[in-house]
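> how would this look folded up:
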Amino acid sequence: MRRRVFVRGRGAITPLGDSWPASRDALAEGRSAVGPVKHFDVEGYPSQVAAGVSFPLEEAEDRRLALARRAADEAWAEAKENAAPSRIGVFVGAESGRATYETIFALSRAAGGGACFDHARFGEDARGLATSVHAAAVSPAAVASALAARIGAEGPVETISLACASGAAAIVSATRAIRLGLCDVALAGGVGADVDPFMLVGFGLLGALSARGVSCPFDVRRDGFVVGEGAAFVVLSASPGDEPRAEIRGAMRTLDAHHLTAPDPTGDGAERAMRGAIEDAGHVKIGYVQAHGTSTQLNDAVEAAAIRRVLGDALPDVHVGSVKGAVGHWIAGAGAIGFLCALEAVEEGLCLPTAGLTEPDPACVLPHVVGAALRKPVEAALVNAFAFGGANASLVVSRCA
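As a prediction, this is how the structure comes out:
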């Protein structure tokens, strides 16, 4: 008999709030944090907006660490766990960090700045930049290791780097680890810190960013996503605690095996992830879906069609939202903040809306939550996270029976 997995704590820092309650309240009002990028020059960039975090942060070697610590501390404090260190695991969705762009430009100049690498010059000129590139700023594993040390976790520690599915995939891995008895408690979630010149340029060249500077998932006017940043974490446990409120019932990961950046237009991988998570959950009634909803033309249409197929006749009783309209796309952290939104639906009956959505695309017909949050009892909620490379992760969270 597999062990149950209960949610004991949650925490987040988003462009809308420096805690999960503050963020949740702003999300419920339908507010958006998307605005002009002001901390570096974006003249000539394909997109000049983002959803950045402006709250003061603890000093850290890397922005991912600063964001992750803030959210993880909040989740850990709420959980009040006292498991043995060897029975605590940490599972983090994160991608490689980067040195500051000033340092990278300086390193490029030190290398000669041309088509050929000037090793002698680089060795001399780059020596003074050595301390500017901390190991924590370039290692994908740094965040998980740092958080484990912070809470005294000595159990399994994993970094999941699956682009936009990373955060949700980390929660899937944590759920499975507790079920299998590999740990009793797990800190799990994701972090994205991608509001920088390289991400704006890179995604811009791919044609993935909104030229209008608006994140409006499932809207007929959508033309791409907006880069955002933030962190979201939960504490999961095999113990329900004194007042169990929610548990993870279903978890599934799949792969499209189709294309490096484009989703399978049939939606097969996404559909298998959702069906797998619902089957894993057993007999639950889905009342809310926190969609991946990136605000790109193909992704939104493919996901909407897959949701309609999976939920079928049950769809009229379901409501759908996407947090990316409000806080942008966090890449590695996207699935984790989506999970907190789904958790809010089952714990508080608060179905958060899709900010920016005013005119649903006929190709994306779903029971959208538009404007402000909708209140209703929700037995179970489905969370989706789909990524470049075709990685898919879906989770089902429910009220405790």
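
> ok, and for stretch 138-146, which residues are buried?
Buried residues in stretch 138-146, counting neighbours by 16 or more other CB atoms under 10 Å, are found at S139, P140, A141, A142, V143, A144, S145, A146. Every residue, glycine included, has its C-beta placed from N, CA and C.

> check those and tell me the two furthest apart.
Using CB to CB, the two most remote members of those are P140 and A146, lying 12.1 Å apart.

> can you give me the strands for the chain?
5-13, 35-36, 49-50, 88-93, 157-160, 185-193, 229-237, 246-255, 286-290, 319-321, 350-351, 374-375, 380-386, 391-399 (DSSP state E).

> for the longest one, name the packing helices and strands.
It stands for strand 246-255. Strand 246-255 sits against strand 5-13, helix 166-179, helix 268-281, helix 334-348, strand 391-399, with contacts defined as 3 or more CB pairs under 8 Å, 6 or more residues apart in numbering; DSSP states H and E.

> select, out of those, the one closest to V220.
Among these, the nearest to V220 by CB to CB is helix 268-281 (21.2 Å).

> packing partners of that closest one?
Applying 3+ CB pairs under 8 Å, 6+ apart, we find helix 268-281 packed against strand 246-255, helix 297-311, strand 380-386, strand 391-399.

> nearest residue to the most centrally placed residue in the chain in space, ignoring adjacent ones along the chain?
Against the mean C-alpha coordinate of the chain, by CA atoms, centre = their mean, the closest residue is A334 at 1.7 Å. Excluding the flanking residues, the one nearest A334 by CB to CB, 6 or more residues apart in numbering is C164, at 5.2 Å.

> isn't the one you found right next to G335, touching?
Yes: in this structure, C164 is within contact of G335 by CB atoms under 8 Å, at 7.3 Å.

> list residues touching both of these two?
Counting by CB atoms under 8 Å, 6 or more residues apart in numbering, the shared contacts of C164 and G335 are H292, A385.

> can you pull the contacts of the residue lying closest to A208 once chain neighbours are set aside?
Excluding its sequence neighbours, the residue lying closest to A208 (CB to CB, 6+ apart) is G224, at 5.5 Å. G224 is in contact with S47, G207, A208, L209, S210, A211, S295, T296, counting by CB under 8 Å, 6+ apart.

> between the residues you listed, which is closest to A72?
S295 (27.9 Å).

> ramachandran angles for that closest one?
In terms of degrees, to the nearest 10, the main-chain angles of S295 are phi 80, psi 20.

> state the number of residues packed around it.
Counted with other CB atoms under 10 Å, residues neighbouring S295 total 29.

> look up how far V323 lies from it.
11 Å (CB to CB, to the nearest Å).

> measure F233 to R24 for me?
Per CB to CB, F233 is found 15 Å from R24.

> no wait, D41
D41 is 34 Å from R24, by CB to CB.

> higher neighbour count, those two?
Neighbours per residue, other CB under 10 Å: of D41 and R24, the larger number sits with R24, 23 against 10.

> ok, the residue lying farthest from the centre of the chain - contacts?
Ranked by distance from the centre of the chain (CA atoms, centre = their mean), the top residue is A120, with 42.3 Å. If a contact means CB under 8 Å, 6+ apart, then A120 has no contacts.

> now swap in G356 and tell me
Residues near G356 by CB under 8 Å, 6+ apart: S32, V34, V214, S215, C216, P217, D219, S295, G325, A326.

> let's see that with 10 Å instead.
Applying CB atoms under 10 Å, 6 or more residues apart in numbering, we find G356 in contact with 30, 32, 34, 210, 214-219, 221-222, 226, 295, 322, 324-326, 370.

> phi, psi of the residue nearest to it when sequence neighbours are not counted?
What sits nearest to G356 in space, not counting adjacent residues and going by CB to CB, 6+ apart, is C216, at 3.4 Å. Torsion angles at C216 (phi, psi; degrees, to the nearest 10) stand at phi -140, psi 70.

> closest one of the contacts of G224 to C116?
G207 (31.4 Å).

> per-residue pLDDT, the nearest residue to the closest one once chain neighbours are set aside?
Closest residue in space to G207, ignoring its immediate chain neighbours: G224 at 7.2 Å, by CB to CB, 6+ apart. You'll see G224 listed with a pLDDT of 97.

> how near is G224 to F386?
Taking CB to CB, one finds G224 at 16 Å from F386.

> how about H119?
For H119, the distance to F386 (CB to CB) stands at 42 Å.

> these two: which has the busier surroundings?
Under the neighbour definition other CB under 10 Å, H119 and F386 were set side by side, and F386 has more, 32 against 10.

> could you pull up the residues touching that one?
F386 makes contact with 163-165, 168, 254, 256, 263-264, 267, 269-270, 273, 291-294, 299, 302-303, 306, 334-335, 392-394, according to CB under 10 Å, 6+ apart.

> so the residue nearest to the centre of the chain makes contact with G190?
Yes: with contacts counted by CB atoms under 10 Å, A334 reaches G190, the gap being 7.2 Å.

> what is in contact with the two at once?
Common neighbours of A334 and G190 (criterion: CB under 10 Å, 6+ apart): G93, C164, A165, S166, G167, A168, G230, A232, A385.

> could those be laid out in TSV, adding neighbour count?
Shown next, in TSV, are the shared contacts of A334 and G190 (neighbours: other CB atoms under 10 Å):
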residue	neighbour count
G93	40
C164	31
A165	33
S166	31
G167	35
A168	37
G230	32
A232	38
A385	34
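
> for the residues you listed, give me TSV that also has pLDDT and distance to C400.
Shown next, in TSV, are the shared contacts of A334 and G190 (pLDDT from 0 to 100; distance: CB to CB, whole Å):
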residue	pLDDT	distance to C400
G93	98	25
C164	97	30
A165	98	27
S166	98	27
G167	98	23
A168	98	21
G230	98	27
A232	99	21
A385	98	24
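
> of all the residues you listed, which two lie farthest apart?
For the shared contacts of A334 and G190, with distances taken as CB to CB, the pair at the greatest spread is A165 and G230 (16.5 Å).

> ok, the residue nearest to the centre of the chain - contacts?
Neighbour list for A334: 93, 163-168, 190, 192, 225, 228, 230, 232, 292-294, 322-324, 327-328, 384-387 [criterion: CB under 10 Å, 6+ apart].
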